[in-house]
Every structure is written in C-alpha cells, then in structure tokens.
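Asker: Give me coordinates for this.
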Amino acid sequence: MIVRFKDLCLDAADARELGGFWGRVLDGEVVDAGGGDTRVDPRAARSGAESIWVNRVPEPRTVKTRVHLDLRLSGADPAPLLEAGARLVREPDAEIDWWVLADPEGNLFCAFASGEGARPGPFELVVDTADPAAQARWWAGIVGGTAEISEKGYAYIVGAAGFPWEYWVFDPVPERKTVKNRMHWDVDLLDPEPTALIRAGATLLREPTDQTRWWVLADPEGNEFCAFPPRPTE
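Answerer: Here you go, the predicted model:
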C-alpha cells in the first residue's frame, strides 16, 4: 500500500445545482468550496472519504459516465430520488434487478432495493474497464485490500485503505475510454511525492502548481486521479 483513498470529485457545468442534487440524494450538507465549486458532506458519513467535491468545468459531458456510485435505497423504489431531481433511465427487467438513473447533468448511477439491515446510500464505486482483473489487482497493489475476480467477468476490491464503501468494482465494457472522466477519486500519498505510484505504472499528467498542491495522474487504463501529499501532523 502506497496511498489511501481520499474522496470523490465530480465535474459539473453548474456545481451549485449539481451539488444541491447530490446533497438531497445523500442527505448531505452542501458546502461552498469557492470559485463556483461545492462539496457534499453526507450527514451520516463515517469518514471524510464519503465527501464529494463538485467542481465546475467548461466542457460538457459527451459520453457515458465511466465512473459511478451504486446506491441502496431506503425503500422499495427510487421515488425519493426522482423527487430530488433524478431521471429514470432504465427499470429492473429480465437482465438487471436495479434501477439506472441520471442526475441533472446526465451522469448515470444505479439504485438497488433496500436489503434487511443494509445501510441506505452509496455502497460501491463502479469503474468501467477493458480488463477488470488487471485493474482490480493494480489498484489493490496501490491502495491495499483484496482483489476478487468474479466468474461473471467483473472484479472488485474489498478492504482498500480509506475506502468508505463495501466494494470498489471494475466492470467490463466493450468501449475504450476516450475523454476525461466526469467523476474521479483522490488519494493521499504516504510519501512526499508520487515516485512509487509512477514506478508502479501510473502516468504523471500534471505537477503541482502555485494554485494546486496535488499531482494529477492516470492509472494503466487512463483513469485520472489526484494524489495529495501527506497531511501535516501536529
């Protein structure tokens, strides 16, 4: 393990509107992060890793969302999500037993019926990938945890350092990544610089600047993520 999972970031044309939506969905406080950005802090969060930074960007969403959250509902159907502003994309059918929805900017996410004793809200982070097993093993080597390979073709990680949900899933899809992901995750480095990440196979995309104190990197399939230096200790 050379990093810890830190939090999620979501690109938005209107960060205030989109942050408000996710605040309603996650029962979270929407914080003004400055510069037109917001941050959603779920009230029931068990750590800061459940926060979502909603960042204003100039480019619109043009392709299917390759990174998304799966939610467990508090009831039998997603009516509260639709009332909050979600759009229904697909209902459960012979192939799937969950609902596919979209937020106000078209970012897809999935909602599953509540289970006995299950905590409502996000329970897994899902990443589209060409090679689920390779991606799961790579990230497990970076952030710890155990990579599990399913006979159904997907793979997932349990027990990653700092990861706040049950599963980090890598789902096989036929299409390759072609544009920047609208949702990405951040990590906290254990070392002062991302040298070990780069040695492990990450690609450095951008160094820290006067305005930013983090590195932007990409994993072996090109998924962008930000790496922050270790937090100061008192």
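
Asker: surely residue 32 meets residue 38?
Answerer: Yes. Between residue 32 and residue 38 there is a contact under C-beta atoms under 8 Å: 6.3 Å. Glycine gets a C-beta too; all of them are placed from N, C-alpha and C.

Asker: Ramachandran angles for residue 171?
Answerer: phi -110, psi 130 (degrees, to the nearest 10).

Asker: so where is the protein shaky, pLDDT-wise?
Answerer: 233-234 (pLDDT under 70).

Asker: Can you show me the helices along it?
Answerer: Along the chain, counting by DSSP state H, helices occupy 15-26, 79-84, 132-143, 195-200.

Asker: Save the ones you listed as CSV, and put in mean neighbour count and distance to residue 7 too.
Answerer: Formatted as CSV, these follow (neighbours: other C-beta atoms under 10 Å; distance: least, C-beta to C-beta, whole Å):
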stretch, mean neighbour count, distance to residue 7
helix 15-26, 22, 13
helix 79-84, 14, 21
helix 132-143, 20, 13
helix 195-200, 14, 17
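
Asker: would TSV of those with distance to residue 60 be doable?
Answerer: Formatted as TSV, the helices of the chain follow (distance: least, C-beta to C-beta, whole Å):
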stretch	distance to residue 60
helix 15-26	13
helix 79-84	22
helix 132-143	27
helix 195-200	30
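
Asker: what about those, which gets the closest to residue 54?
Answerer: Residue 54 sits nearest to helix 15-26 of all the helices of the chain, at 4.1 Å, using C-beta to C-beta.

Asker: Can you give the contact residues for that closest one?
Answerer: With contact meaning C-beta atoms under 8 Å, 6 or more residues apart in numbering, helix 15-26 is reached by 10, 12, 28-30, 36-40, 42, 52, 54-56, 71, 81, 84-86, 103-105, 121-122.

Asker: That concludes my questions; thank you for your assistance.
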